[in-house]
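Student: When you get a sec, could you give me coordinates for this:
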Amino acid sequence: AFGLGLERLAMVLFQIPDIRLFWTRDERFLSQFREGEITKFEPYSKHPPCYKDITFWVPEGFEENNFMEMVRGIAGDWAESVVLIDKFEHKKKGRTSHCYRINYRAMDRSLTNEEVDVMQMALREQVPGALNVELR
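Tutor: The predicted structure follows:
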């Protein structure tokens, strides 16, 4: 189709690279836009995610941002998100455990389980000493 339709105007205004995105129901696309606001489209990966969990006992004064920085330092842009999915308090032992889910995903291709496992193992090896935590 040729011509200057509304979709093509919106593509220029919001910097959307592919007209087919207007027909998606993907929340990663839809959540970027609000009525009355002009925002630049932020590309997202079309490749499948690979989720890995890591659980550890946290010391008093644990700083979650330090853990997030370690994940980014090891996985770089392949760490799409890190979410605290569970927090457990062991009353008798007086300890608290955190479980984080890391979503690994590349923009340009599907990651293999082997690639993700290498990053996850590096994280498991480095986190205890760097953050004074005990893996579970």
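
Student: Residue 14 and residue 5, how far apart?
Tutor: Residue 14 sits 14 Å away from residue 5, taking Cβ to Cβ, to the nearest Å as the criterion. Using the backbone N, CA and C atoms, a C-beta is placed for each residue, glycine as well.

Student: More neighbours: which of the two?
Tutor: Counting neighbours by other Cβ atoms under 10 Å for residue 14 and for residue 5 shows that residue 14 has the greater number, 14 against 11.

Student: Spatially central residue for the chain, please.
Tutor: Centroid check for the chain by Cα atoms, centre = their mean gives residue 81 as the closest residue, at 1.5 Å.

Student: That residue belongs to a strand, doesn't it?
Tutor: Yes: Residue 81 forms part of a strand when assessed by DSSP: H, G, I helix; E, B strand; the rest coil.

Student: wouldn't it be in contact with residue 75 here?
Tutor: No: when contacts are counted by Cβ atoms under 8 Å, residue 81 is not listed as touching residue 75 (10.9 Å).

Student: can you list residues touching both of these two?
Tutor: With Cβ atoms under 8 Å, 6 or more residues apart in numbering applied, the overlap between the contact sets of residue 81 and residue 75 consists of residue 102.

Student: Low-confidence stretches in this structure?
Tutor: For the chain, applying pLDDT under 70 flags the ranges 1-4.

Student: what's in contact with the helix ranked longest in the chain?
Tutor: Looking only at the chain and at elements set by DSSP state H, the helix with the highest residue count is helix 113-131. Contacts made with helix 113-131 from outside it, assessed by Cβ under 8 Å, 6+ apart, are listed as 50, 52, 54, 56, 62, 66-67, 70-71, 74-75, 78, 102, 104, 133-135.
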